[in-house]
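Participant: need a 3D model of the following:
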Amino acid sequence: MIPDWIRPRAERFRFLPAEQAARGSLPWIVALMVALAVLGMAAGISLVSGVGVMKDGLAQRFTVQIVEPNPDIRADKVAATVAALEGRDGISRIRVLETAELRELLEPWLGSGNVGEDLPLPAMIDAEAESPALLNHVAASLERDVDGARVDDHAGWLAPVARLAWVLAIVALAAALLLTAAMAAIIVLGVRAGLTRHAETVDVLHLIGAEDRVITQLFQYRFGMVAALGAVTGFLVALLLIFAIGRLITALGSGLVAAAGLPWWGWVMVVMVPVVAVMLSTITARITVERSLADVL
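Facilitator: Next up, the predicted model:
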């Protein structure tokens, strides 16, 4: 029950017959549109945020791969490479991967138990540079001085994934905007149907001297309340889905999917979706009623 003191004058005197908003299809359509728009907005922002987090973490990370079948020569090259890295300022987190770690990395591709002891494996050294320029200089130096050494930039591997994530994010955000536009079109149809349904009441209001402004406020208020009911319902449903999906993503624990998440500004934008939906519905209703009344007169 809405208190009388917040009702506009036209609604307070019930110039239009009372209607049960929940019985109509309009609030549920608005709820569906808002829920899908919130999910699309959240998905797009999460992907963009995840790409940013991974780029920050991998921007200066690199791996030195040394391919040498002779284990003794390979060990010497690894020692020389580690010494060269440790002798440079700005290089940190130097770590030589153990053979067991390399076998674990290959098992998903070759199958469990298929990585035999006789399979020749390259030596892998992980490290981090303090700047991209230093990373490029170190890569050129190692590949020149250490035979068989190859430097892989982690950010380079992420670039195709980042491009795909950006495309998906743009598609998700565009879908959210299209859903909002579709909701506005549905509100227009609903308002026109309401005007047709209450045409006799509108005529009576005109006869007793009611201004178009009063009639417009009446329809604006009524459809604003309907949109608010649908927007709140859709937002709550979307919020539950976001938390449920977030828990599933957290369980994965790795990769771009795990890095994806809503930052504080993302939550602000998500919360603004139902607010914008109600405002857009109210403005759309007002403009539609004003134009319809102007055409009648």
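Participant: residue 138 is in contact with residue 91, isn't it?
Facilitator: Yes: using CB atoms under 8 Å, residue 138 is in contact with residue 91, at 6.7 Å. To be clear about C-beta, it is placed using only N, CA and C from the backbone, and glycine gets the same treatment.
Participant: shared neighbours of the two, anything?
Facilitator: 85, 129 (CB atoms under 8 Å, 6 or more residues apart in numbering).
Participant: and the longest helix seen in the chain, what other elements does it pack with?
Facilitator: Taking DSSP state H as the criterion, the chain has its longest helix at helix 154-197. Contacts defined by 3 or more CB pairs under 8 Å, 6 or more residues apart in numbering; DSSP states H and E place helix 154-197 against helix 26-58, strand 61-66, helix 212-252, helix 264-296.
Participant: right, so of those, which gets closest to residue 130?
Facilitator: Closest approach to residue 130 among the helices and strands packed on helix 154-197 (CB to CB): strand 61-66, 11.4 Å.
Participant: from the rest of the structure, what touches the closest one?
Facilitator: Outside strand 61-66, the residues touching it (CB under 8 Å, 6+ apart) are 74, 77-78, 81, 85, 122-129, 135, 138-139, 142, 146, 148-155.
Participant: buried subset of those residues as a ChimeraX selection?
Facilitator: In ChimeraX syntax, the buried subset of the contacts of strand 61-66 is picked out as below (16 or more other CB atoms under 10 Å):
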select :74,77,78,81,85,122,123,124,125,127,128,129,135,138,139,142,146,149,151,153,154,155
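Participant: for the record, mean pLDDT for the longest helix of the chain?
Facilitator: Across helix 154-197, the average pLDDT comes to 81.
Participant: hey, C-alpha coordinates of the helix or strand just after it in PDB?
Facilitator: Counting by DSSP states H and E, the next helix or strand C-terminal to helix 154-197 is helix 199-207. Output of helix 199-207 as PDB, limited to C-alpha atoms (Å, rounded to 0.1, in the frame of the first residue of the first chain):
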ATOM      1  CA  ALA A 199     -10.400   6.400 -23.600                       C
ATOM      2  CA  GLU A 200     -13.800   7.100 -22.100                       C
ATOM      3  CA  THR A 201     -12.300   8.200 -18.800                       C
ATOM      4  CA  VAL A 202      -9.900  10.500 -20.600                       C
ATOM      5  CA  ASP A 203     -12.800  12.000 -22.500                       C
ATOM      6  CA  VAL A 204     -14.700  12.600 -19.200                       C
ATOM      7  CA  LEU A 205     -11.700  14.200 -17.700                       C
ATOM      8  CA  HIS A 206     -11.400  16.600 -20.600                       C
ATOM      9  CA  LEU A 207     -15.100  17.400 -20.300                       C
END
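Participant: buried sites along helix 199-207?
Facilitator: The neighbour-count check on helix 199-207 (16+ other CB under 10 Å) flags 202, 205 as buried.
Participant: one step back: what about the contacts of strand 61-66, which are in strands?
Facilitator: Using DSSP state E, the members of these that fall in strands are 123-129, 149-153.
Participant: and of those residues, the nearest to residue 286?
Facilitator: Using CB to CB, the ones in strands among the contacts of strand 61-66 come closest to residue 286 at residue 153, 55.7 Å.
Participant: what about the residue nearest to the closest one when sequence neighbours are not counted, distance to residue 246?
Facilitator: Ranked by CB to CB, 6 or more residues apart in numbering and with sequence neighbours excluded, the top spatial neighbour of residue 153 is residue 62, at 5.4 Å. When distance is defined by CB to CB, to the nearest Å, residue 62 is 32 Å away from residue 246.
Participant: tell me which of those two has more neighbours.
Facilitator: residue 62 (23 against 15; other CB atoms under 10 Å).
Participant: returning to what we had before: just curious, which of the ones in strands among the contacts of strand 61-66 is nearest to residue 262?
Facilitator: For those, the closest approach to residue 262 (CB to CB) belongs to residue 128, at 27.8 Å.
Participant: roughly how far does the residue nearest to residue 153 sit from residue 127?
Facilitator: 6 Å.
Participant: and if you look at residue 284?
Facilitator: Going from residue 284 to residue 127 by CB to CB gives 58 Å.
Participant: now do residue 265
Facilitator: Noted for residue 265: a distance of 34 Å to residue 127, by CB to CB.
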